[in-house]
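Participant: Let me see the structure of the following:
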Amino acid sequence: MKLIIINTNNYIMNKLIVITLALILSMAAFSQDKAEKTFGIQLKGFVKNDMFLDSRQTVAAREGHFLLWPSPASFDANGNDINEGLNLNMLAVQSRLSGVLSGPDALGAKTSGLIEGDFFAQANDNINLFRLRHAFVKLNWKNTELMSGQFWNPLFITGCFPGTVSFNTGTPFQSFARNPQIRLTQSIGSLKLVFALLSQRDYASVGPNKTSSEYLRNSGIPDLHFQIQHLIKNAETGLSIETGAAVAYKEICPRLSSTVNDVTYKVNERVSGLTLLAYTNITTKPVTVKLQGRYGQNITDLLSISGFAVKEVLDPVTGEQSYTPLHNITAWGEVHTNGKKLQAGIFMGMLMNLGTTEAMSDASNTVYGLGHTIANLYRVSPRVIYNVGKFRVAFEVETTIADYGSNYDVNFIPKDLTRVTNIRGLLSTYYFF
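Facilitator: Alright, predicted model coming up:
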């Protein structure tokens, strides 16, 4: 039998050396991390279930969840409106998860970030799947902020947007889009100047190939934004007044080529669009009042009634065309109480379709867009919200009225109107974490 002899003194000594080195390295790492403000992530979000009942069929996203406007009347042989009738659904796809990032300073600036997603997906085909909402990094100096990543379009004013229970957040009266972007914010006292360059991803322009970011990409020019904001705040009285104005310019390329008589030609086509916006948010301890107005050209990427039309054929040989954008004006207002447990509010919005900015050579020319057969749109939605700790229950009645046109003039302004109305009752439950 072979004896195995272990030198216990050497074994214990080696163990002590390993433990001592591990402690020294851990203390050094802890000291270094503490000095550098270690990287961290804070998880937050909510679980939300929406139960809604509509009085007719609607134009909406994700199985009716994101409501835009009521569907037009569609009559059968007996004169009955096929689109009129109750429609019920329940969905929890808006449930959200956010990771708030923190880390050491860089380039003399405080660093932060955010990555956020929900289960709303990008289309009805993949509803329930996790999708990216926001993903950005920020560098903050004393009076300057630089953000790079995906965030709200600057025309979605984070200091002044509707607090509706509905996930549509006042769309299409309110601009709604998230874009990859680079945004610079400069503070000068109570003023803020915002400059931004944007591309498109989930929210894109509509054109010959339906909804796609290719039109902006092929133009070679980013979506350009400038904004000025002013804030007055009194901590003692609780009064806060934020006002601002914004301008945006976008240029898209509808086509790279045209085919005439089975022959393909390269074409140089452009559509430009200008958007103007002004807003104010007045907050007191008991009540908040918000107002916003917008003029927009070719803003289908903001989920608005808009688009562009073929103005005329410039070259019958190559088929090259000129275009004219559709434009509209919108206005919305909201009043709500600021109670911690019980809140009540009402949202009101209107939209007027102004047709094309220039007359079309023929009223039958092709039009690309979203909801462009609607002349006028109105919405009223009162709501009640009740909070108990981390739990919230909210109820809203959303009435949306649309005037559809059956004929159009050379500026594609709808006429011979038929009015349809949808009433949605929405009950939502939330649990925040």
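
Participant: Let me see the ranges of the strands in the stretch 301-433 of the chain.
Facilitator: Applying DSSP state E, counting those that start in this stretch to the stretch 301-433 of the chain gives strands spanning 306-313, 321-337, 342-356, 367-370, 374-388, 391-408, 414-432.

Participant: Which strands or helices does the last one pack on?
Facilitator: The reference is to strand 414-432. Under the contact definition 3 or more C-beta pairs under 8 Å, 6 or more residues apart in numbering; DSSP states H and E, strand 414-432 sits against strand 40-56, strand 66-70, strand 374-388, strand 391-408. In short, each C-beta sits where N, CA and C put it, glycine included.

Participant: can you pull the buried residues of the helix or strand just after the shortest one?
Facilitator: Once the chain leaves strand 66-70, the next helix or strand it forms, by DSSP states H and E, is strand 84-91. Neighbour counts over strand 84-91 (16 or more other C-beta atoms under 10 Å) mark Glu84, Asn87, Leu91 as buried.

Participant: shaky segments in the chain?
Facilitator: 1-37 (pLDDT under 70).

Participant: Now find how far off-centre the helix or strand hosting Phe136 is within its chain.
Facilitator: Using DSSP H and E, Phe136 sits within strand 131-140. Strand 131-140 sits 14 Å away from the centroid of its parent chain (C-alpha atoms, centre = their mean, to the nearest Å).

Participant: what packs against the next helix or strand after it?
Facilitator: Using DSSP H and E, the helix or strand that follows strand 131-140 in sequence is strand 144-152. The contact analysis (3+ C-beta pairs under 8 Å, 6+ apart) places strand 144-152 against strand 131-140, strand 178-188.

Participant: rerun that using 10 Å as the cut-off
Facilitator: Packing partners of strand 144-152 (3 or more C-beta pairs under 10 Å, 6 or more residues apart in numbering; DSSP states H and E): strand 110-118, strand 131-140, strand 178-188, strand 191-198.

Participant: ok, back up a step: between the strands of the stretch 301-433 of the chain, which one is nearest to Ser187?
Facilitator: Judged by C-beta to C-beta, the one of those that comes nearest to Ser187 is strand 321-337, at 26.7 Å.

Participant: And that closest one, what's buried?
Facilitator: Gln321, Tyr323, Thr324, Pro325, Leu326, His327, Asn328, Thr330, Trp332, Gly333, Glu334, His336.

Participant: ok, now stretch 51-71?
Facilitator: Those would be 52, 54-62, 64-71, for stretch 51-71 by 16+ other C-beta under 10 Å.

Participant: circling back to that earlier point, need the helices and strands packed on strand 144-152 in a markdown table (columns: distance to Arg96 and mean neighbour count).
Facilitator: Shown next, in a markdown table, are those (distance: least, C-beta to C-beta, whole Å; neighbours: other C-beta atoms under 10 Å):
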| stretch | distance to Arg96 | mean neighbour count |
| --- | --- | --- |
| strand 110-118 | 4 | 18 |
| strand 131-140 | 7 | 17 |
| strand 178-188 | 13 | 18 |
| strand 191-198 | 23 | 17 |
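
Participant: Out of these, which gets nearest to Gly349?
Facilitator: Going by C-beta to C-beta, the one of these nearest Gly349 is strand 178-188, 20.7 Å.

Participant: Tell me the bridge partners for Asn234.
Facilitator: Leu239 (DSSP bridges).

Participant: ugh, wrong one, I meant Leu351
Facilitator: Applying DSSP bridges to Leu351 gives these bridge partners: Thr330, Leu377.

Participant: pretty sure it contacts Thr330?
Facilitator: Yes. Between Leu351 and Thr330 there is a contact under C-beta atoms under 10 Å: 4.5 Å.

Participant: which residues do those two both contact?
Facilitator: Pro172, Phe173, Arg294, Gly296, Ser304, Ile305, Leu377 (C-beta atoms under 10 Å, 6 or more residues apart in numbering).

Participant: Need the buried ones from these selected in ChimeraX.
Facilitator: Selection of buried members from these for ChimeraX, criterion 16+ other C-beta under 10 Å:
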select :172,173,294,296,304,305,377
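
Participant: so can I have JSON lines of the shared contacts of Leu351 and Thr330 showing distance to Phe391?
Facilitator: Formatted as JSON lines, those follow (distance: C-beta to C-beta, whole Å):
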{"residue": "Pro172", "distance to Phe391": "31"}
{"residue": "Phe173", "distance to Phe391": "30"}
{"residue": "Arg294", "distance to Phe391": "35"}
{"residue": "Gly296", "distance to Phe391": "38"}
{"residue": "Ser304", "distance to Phe391": "34"}
{"residue": "Ile305", "distance to Phe391": "37"}
{"residue": "Leu377", "distance to Phe391": "34"}
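
Participant: For the residue nearest the centre of the chain, what are phi and psi?
Facilitator: Most central in the chain under C-alpha atoms, centre = their mean is Ala177, positioned 2.7 Å from the mean C-alpha point. With angles defined as degrees, to the nearest 10, Ala177 sits at phi -170, psi 150.

Participant: Enumerate every residue touching it.
Facilitator: When contacts are counted by C-beta under 10 Å, 6+ apart, Ala177 touches 152-156, 171, 198, 200-204, 223, 299-304.
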